[in-house]
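Novice: Can you look at this prediction? I've put the sequence above it.
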Amino acid sequence: METVEDFTKVESIFVRGRNALMLRGQFTPIYTDYYIHLMENKLRHKEQLDTIIKEKLAFLTLHLTARPWAETVAWTVNLRAPRVNFFATGSSVHESITGHLFTEGVKEGDRNLLYSQTVVDGKEARRSTIELEDNDPVHWIESYYSQSEQRPARAFKLADENFVLIAAQPDCDLEWLENLTTEDVEKLTETEPTKLLETRKFRFHCGCSPEKFLPSLAQFKGNAEALFQDDDALEITCPRCGGKHIITPDMF
């Protein structure tokens, strides 16, 4: 059975005098599960790319906590140099975040872009595309809030895998927000009147399994030979997390 320690707890805190919302979390539990996932699937990323995907997972998790519970959000970032796609998706309802990066078969675009999709059951998906100036996830989420959320936000990387997102609310003290430093954020709950609004918890988890890929192979039911071509099994890679799954003829 999972314990609270298996999850990253994200706090949603209202900064009263500044009319700002602070989201903060310590991401070691998510990163531990992320590295176990890489090890189990024999995946290894270059250090620079690994750092970027981890920070993207952290900031998407904070963003999810700033949003209504029912939303599932997916972010895909396409970079020109290095030529790579970063994917991350998460849901407060399922208390999970997952992601993967792709370095093969990535088309080179003329700009760095972030593609966002927000889904609520029973409603049409909401999509937006944001142009990015560099390879820093801190600037990605700040650009996303400025262009898509239509309000400013600041993102911070603190010590010991702690991350913070501070988003403007109506009548926010924008000068204060713009001039915040990492040192200010580290002691914010001591220097400003605040109120804890809620906490949510997340883990690194995709939920993929061999059985979930079978519907996409339904056309081969009754004709497994065409799919397996004399092989004993077929390996399928999950596009969400990079997990590898084995499909055998008897599963049909």
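Specialist: Received the coordinates, thanks. Numbers count the residues shown, from 1 in each chain.
Novice: Next, A88: phi, psi?
Specialist: Phi and psi for A88, reported as degrees, to the nearest 10, are phi -150, psi 140.
Novice: ok, it touching L62?
Specialist: No: the pair A88 and L62 does not pass the contact test of C-beta atoms under 8 Å, sitting 12.0 Å apart. C-betas here are computed from N, CA, C, even on glycine.
Novice: Now L214: closest residue in space that isn't a chain neighbour?
Specialist: M251 (6.3 Å; C-beta to C-beta, 6 or more residues apart in numbering).
Novice: correction: V84
Specialist: The nearest residue in space to V84 (C-beta to C-beta, 6+ apart) is T103, at 5.2 Å.
Novice: Of all the residues in stretch 15-32, which ones are buried?
Specialist: 15, 18-27, 29-32 (16 or more other C-beta atoms under 10 Å).
Novice: for this structure, longest helix please?
Specialist: helix 47-66 (DSSP state H).
Novice: Distance from it to the middle of the chain?
Specialist: Its chain's C-alpha centre and that of helix 47-66 lie 5 Å apart, by C-alpha atoms, centre = their mean, to the nearest Å.
Novice: quick check: mean pLDDT across that helix?
Specialist: Mean pLDDT, helix 47-66: 98.
Novice: Alpha carbons of that helix, as PDB, please.
Specialist: Provided in PDB are the C-alpha atoms of helix 47-66 (Å, rounded to 0.1, in the frame of the first residue of the first chain):
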ATOM      1  CA  GLU A  47      22.400  15.000 -17.900                       C
ATOM      2  CA  GLN A  48      21.200  18.200 -19.600                       C
ATOM      3  CA  LEU A  49      18.100  16.600 -21.000                       C
ATOM      4  CA  ASP A  50      17.400  14.700 -17.700                       C
ATOM      5  CA  THR A  51      17.500  18.000 -15.700                       C
ATOM      6  CA  ILE A  52      15.100  19.700 -18.100                       C
ATOM      7  CA  ILE A  53      12.500  16.900 -18.000                       C
ATOM      8  CA  LYS A  54      12.700  16.800 -14.200                       C
ATOM      9  CA  GLU A  55      12.100  20.500 -13.900                       C
ATOM     10  CA  LYS A  56       9.300  20.400 -16.400                       C
ATOM     11  CA  LEU A  57       7.600  17.700 -14.400                       C
ATOM     12  CA  ALA A  58       7.900  19.900 -11.300                       C
ATOM     13  CA  PHE A  59       6.500  23.000 -12.800                       C
ATOM     14  CA  LEU A  60       3.600  21.200 -14.500                       C
ATOM     15  CA  THR A  61       2.800  19.600 -11.100                       C
ATOM     16  CA  LEU A  62       2.700  23.100  -9.500                       C
ATOM     17  CA  HIS A  63       0.500  24.400 -12.300                       C
ATOM     18  CA  LEU A  64      -1.900  21.500 -11.900                       C
ATOM     19  CA  THR A  65      -2.300  22.500  -8.200                       C
ATOM     20  CA  ALA A  66      -3.100  26.000  -9.300                       C
END
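Novice: So which elements touch the next helix or strand after it?
Specialist: Following helix 47-66 in sequence order, the next helix or strand is strand 72-79 (DSSP states H and E). Helices and strands touching strand 72-79, as assessed by 3 or more C-beta pairs under 8 Å, 6 or more residues apart in numbering; DSSP states H and E, comprise helix 47-66, strand 84-91, strand 112-119.
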